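1. sequence and predicted structure below; questions after.
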Amino acid sequence: MVRVGVRLLNMISVSNLTVSFGGKSLFEDISFLINPKDRIGLVGKNGAGKSTILKILSGNQTPSSGVVSKNSSATIGYLPQEMKVDNDCTVMDETRKAFSQANELEALLDKITEEVSTRTDYESDAYMQLLDDMHEANERFALIGGFKQDGAVEKVLFGLGFKPSDLNRATSEFSGGWRMRIELAKILLQQPTLLILDEPTNHLDIDAIEWLEDFLKGYYGSIILVSHDRDFLDAVTNRTIEITSGRIYDFKANYSKYMNLREERLEQQSNEKKNQDKYIEHTQELINKFRAKKNKAAFAQSLIKKLDKLEVVEMDETENAQIHFRFAPAPRSGKVVVKAEGVGKSFGEKNIFHDVDMEIERNDFVALVGQNGQGKSTMSKIVAGILDYTGELTIGHNVSIGYYAQNQSETLDGEKTVLETIDDVATGDMRKNIRNLLGSFLFGGDAVDKKVKVLSGGEKARLALCKLLLQPYNLLVLDEPTNHLDMRSKDMLKNAVKKFDGTLIVVSHDRNFMQGLTNKVFEFKDGVVKPYIGDIYSFLEERKITNLAELDKQKPAEKSLRNTDAKEVKVKTEPVNNFQDKEKKKAQQAIAKIEQQIADAEKKLHQMDALLVNEETFAKHNNPTFFKEYDTIKHGIDDLMKQWEALQI
C-alpha cells in the first residue's frame with residue numbers, strides 16, 4: 001500500500017529566493033529542496049532571515065523574487081513564534097477544530113462514493129481516477145484521525161502537558177503559553193505533509209519537550225524548524241541548513257555534527273583566503289614592478305586582467321560578538337540559605353503545593369523542575385519575597401537575593417534608553433563603569449541610546465541580566481533566564497553562573513543549559529515537592545526509568561497493582577471459620593484471575609499503541625474496526641480495575 005502522505009509530497013522546491021528591505025538584501029538567490037521524511041533545522045545568527053524563510057514557505061510572506069513550488073495536494077502546518085489566539089470555547093472544542101479537514105474529506109468521500117455507485121463506465125480512465133481519488137481520500141481520512149477524533153485529541157493534549165480536568169475549561173482561562181500549546185496540538189493533529197515550526201519549545205516544559213521530540217521522531221511527513229534548544233535539534237533533525245552572509249549551506253547532519261563540519265568549512269575558507277591574499281599581494285608587487293617598463297607593460301596588463309577576473313574568497317560571517325561578564329563576588333552568608341517547613345501556596349481554591357519541606361545550603365546549586373503550573377515559579381517568587389504563603393520559610397543570615405523573573409524583560413520601562421535603564425539603578429563606583437558594563441552585554445556605541453521599547457526580545461533579556469550585576473548577591477534566583485537568548489549568549493550566561501561563588505536556585509526547561517550546572521533537583525508534581533541529588537540529566541534518567549511503566553500517569557490503585565507481582569498480592573488474614581476461609585480463597589482466586597485479565601488486556605493495548613505510533617505500520621494494518629476495538633479494551637480495563645478494587649475491600 002502506498003502511503004498517501006508521502007505520495008502527496010514528492011518535494012518542495014525553493015528556487016532563487018531573494019528578500020530585500022530598503023535596497024538591502026536579507027538573503028539572495030537561495031535554493032534548496034525539502035524531501036519526504038526530511039527533518040531540517042534552520043540555523044543562523046539573529047537577523048539572518050530564518051523566520052522570514054519559514055513565513056515564505058508557509059505562504060504568510062511574499063519574497064522579493066524567487067519561487068516556492070509544491071504539489072497542489074501538499075498540506076502545510078505552520079506554528080509561528082508568536083500568534084494572537086482569541087477564542088473562548090473549551091480546550092477540547094478548540095482542539096477539535098483541527099479536524100475540519102477530516103470533515104471536508106468525509107463529505108468528499110460521500111460524493112465520490114455516490115458517483116462511483118451510479119456510473120457504469122468501469123473501464124474508463126475517469127472511473128479509475130475516481131477509484132484512486134477515493135482510495136487517497138480514505139487513507140488521508142484515516143491518517144488524520146477521522147475515525148477517532150477525541151482519542152487522538154486527548155493523546156496529544158496530554159502529551160503537551162494538559163490534564164483531564166483542563167479539557168472542559170475555557171481557553172480564556174489559560175496563559176498565552178498554554179494557548180500556543182493548543183495551537184501546536186491542532187497542527188500536529190492535522191498531520192500536514194510539511195510541519196513548519198518556529199521555536200516550538202519556547203512555551204514547553206521538559207516533559208512536554210521530550211514528548212514532542214518522540215512525536216516528531218515518528219512523524220511520517222517532513223519537518224523544518226527553528227530552535228535555540230541544542231538538544232531538541234539533535235534529537236529531532238537529520239539535516240541542517242545554515243543561512244549566513246545572505247546565502248545558505250546544506251549539511252546532511254544534525255546540529256552538533258553540523259557545528260563540527262562548520263568549523264572545518266571555516267578553517268578551509270581561512271586557509272584559502274590566506275593563500276589567495278598571498279597570491280594577490282605577490283601579483284600586485286609584480287604589476288607595480290613591471291607597469292612602468294615598456295617591454296613588460298603587456299605582461300603587467302595581463303596580470304591586472306587576471307586579478308580582475310579572480311573570484312575572491314569570502315569568509316562567512318561569524319558571531320564573534322558575545323556577552324562577557326562575571327557576577328560580583330558573593331558576600332559570605334550563613335550555612336543554611338533557605339529553609340522551608342510545611343510551606344504551601346494556593347490561589348483561591350486552587351492549591352499549588354502543600355507541606356513543602358526544603359533546605360538549601362550555602363553554595364548549593366539547585367534546579368526546580370516539573371510541568372508548567374506545578375509551582376516552580378511560584379516557589380521562586382516566595383523565596384524572593386514577592387508572594388505570601390502558609391507555613392514557615394526562613395531566609396538565612398546575611399543572605400542578599402538577586403531575582404530574575406520569567407518576564408523580567410517585560411518589567412523594563414520602554415520609554416527609557418538602555419543607558420538610562422542601568423544608570424537609574426547603578427550606585428557608587430559602578431556608575432563610572434556603566435558603558436563598559438553595557439558593552440560587555442553587546443550594547444556598544446549608539447546602541448546605549450536606543451529606547452527599550454525598540455529592542456528585540458533577546459536584547460531586552462540581556463539588559464535585564466545586566467541589571468543583576470549592579471550589586472553583589474549571594475543568592476541568585478533565576479526563573480527561565482535563557483528565554484529569548486541565542487545559543488552563544490546562553491553559553492556565556494552558563495559559564496558566568498558556573499563561576500558564581502554564591503548559592504543558586506534556577507528554573508529552566510533548557511536541558512543543555514541545565515546540564516552539569518546544578519547539584520540538587522527539586523521536582524514539583526501534584527502539589528508535592530520531591531528532592532533528587534545530582535544534575536538535571538541524573539534526574540531525567542531516574543524519571544525515564546519510572547516513565548517506562550508510565551507510573552506518573554496512573555491512578556494510585558493502578559500504580560500499586562502494576563508494581564506488585566500477582567503472587568505477592570495478599571488479603572489480610574484473621575482467625576475466621578472455615579466458611580470465611582473458603583470465601584477468602586474464592587476472593588483471592590478472583591483477584592488473581594482479574595489481574596491476569598488486566599495484564600492480557602494491557603499487553604494488547606500496548607501492541608495497539610505501537611501501531612498508532614508507527615504511521616506506516618498502522619496504514620498497512622488497514623483495520624476499519626481498530627478504534628472500536630481499542631475503545632472496548634480500554635473501557636474493559638477500567639471495568640476490571642473497578643472489580644479488582646472492590647475485591648480488595
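-> Perfect, thanks for sending it.

2. residues in contact with the residue nearest to residue 291 when sequence neighbours are not counted?
-> Residue nearest to residue 291 in three dimensions, not counting chain neighbours: residue 300, with 4.5 Å by Cβ to Cβ, 6 or more residues apart in numbering. Yep, even glycine has a C-beta here, placed from its N, CA and C like the rest. Counting by Cβ atoms under 8 Å, 6 or more residues apart in numbering, residue 300 makes contact with 286-287, 290-291, 293.

3. could you dump the residues you listed to CSV with pLDDT?
-> Formatted as CSV, those follow (pLDDT from 0 to 100):
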residue, pLDDT
286, 80
287, 83
290, 77
291, 77
293, 75
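
4. for the residues you listed, which one is nearest residue 248?
-> Residue 248 lies nearest to residue 287 out of these, by Cβ to Cβ, at 36.2 Å.

5. that closest one sits in which helix or strand?
-> Applying DSSP states H and E as the criterion places residue 287 in helix 255-290.

6. which of the residues in that helix are buried?
-> 255, 258-259, 261-262, 287, 290 (16 or more other Cβ atoms under 10 Å).

7. following it, which helix or strand comes up?
-> Counting by DSSP H and E, what follows helix 255-290 is helix 297-309.

8. so which residues of the stretch 451-600 of the chain form strands?
-> Remark: strands assigned in the stretch 451-600 of the chain by DSSP state E, counting those that start in this stretch are 475-479, 503-507, 520-525, 528-533.

9. and residue 369, which of those is closest to it?
-> Distance to residue 369, taken as Cβ to Cβ, is lowest for strand 520-525 among the strands of the stretch 451-600 of the chain, at 5.5 Å.

10. can you tell me the strand partners of the closest one and which way each runs?
-> strand 365-369 (parallel), strand 528-533 (antiparallel) (DSSP bridges).

11. now mean neighbour count, distance to residue 506 and mean pLDDT too, for these, in JSON lines please.
-> Formatted as JSON lines, the strands paired with strand 520-525 follow (neighbours: other Cβ atoms under 10 Å; distance: least, Cβ to Cβ, whole Å; pLDDT from 0 to 100):
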{"stretch": "strand 365-369", "mean neighbour count": "23", "distance to residue 506": "6", "mean pLDDT": "92"}
{"stretch": "strand 528-533", "mean neighbour count": "14", "distance to residue 506": "15", "mean pLDDT": "89"}
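
12. same list (the ones you listed) but as a markdown table, adding distance to residue 591.
-> Output for the strands paired with strand 520-525, formatted as a markdown table (distance: least, Cβ to Cβ, whole Å):
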| stretch | distance to residue 591 |
| --- | --- |
| strand 365-369 | 38 |
| strand 528-533 | 30 |
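
13. quick revisit: JSON lines for the buried residues of helix 255-290, including distance to residue 211?
-> JSON lines is the format used below for the buried residues of helix 255-290 (distance: Cβ to Cβ, whole Å):
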{"residue": "255", "distance to residue 211": "20"}
{"residue": "258", "distance to residue 211": "25"}
{"residue": "259", "distance to residue 211": "26"}
{"residue": "261", "distance to residue 211": "30"}
{"residue": "262", "distance to residue 211": "30"}
{"residue": "287", "distance to residue 211": "65"}
{"residue": "290", "distance to residue 211": "71"}
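
14. on that earlier part again, so which of the contacts of residue 300 comes closest to residue 90?
-> Of all these, residue 287 has the smallest distance to residue 90: 77.8 Å, by Cβ to Cβ.

15. quick check, central residue of the chain?
-> The residue lying closest to the centre of the chain (Cα atoms, centre = their mean) is residue 201, at 2.1 Å.

16. could you report the pLDDT at that residue?
-> pLDDT, residue 201: 86.

17. hmm, it is touching residue 233, no?
-> No. The pair residue 201 / residue 233 is not scored as a contact, 9.9 Å apart, by Cβ atoms under 8 Å.

18. who touches both of those two?
-> residue 227.

19. circling back: compare the strands of the stretch 451-600 of the chain and give me the one nearest residue 598.
-> Nearest to residue 598 among the strands of the stretch 451-600 of the chain is strand 520-525 (25.5 Å), distances taken as Cβ to Cβ.

20. and the closest one, what's its mean pLDDT?
-> Throughout strand 520-525, pLDDT has a mean value of 90.

21. what do you get for stretch 120-138?
-> If you average the pLDDT over stretch 120-138, you get 83.

22. again with stretch 173-189
-> Averaged over stretch 173-189, pLDDT sits at 86.

23. what does that stretch rub up against?
-> With Cβ under 8 Å, 6+ apart as the test, stretch 173-189 has contacts from 77-79, 83, 85, 91, 94-95, 97-99, 144-145, 152-153, 156-157, 160-162, 166, 171, 195, 197, 200, 202-204, 208, 212, 215, 372.

24. having no further points to raise, I will conclude here.
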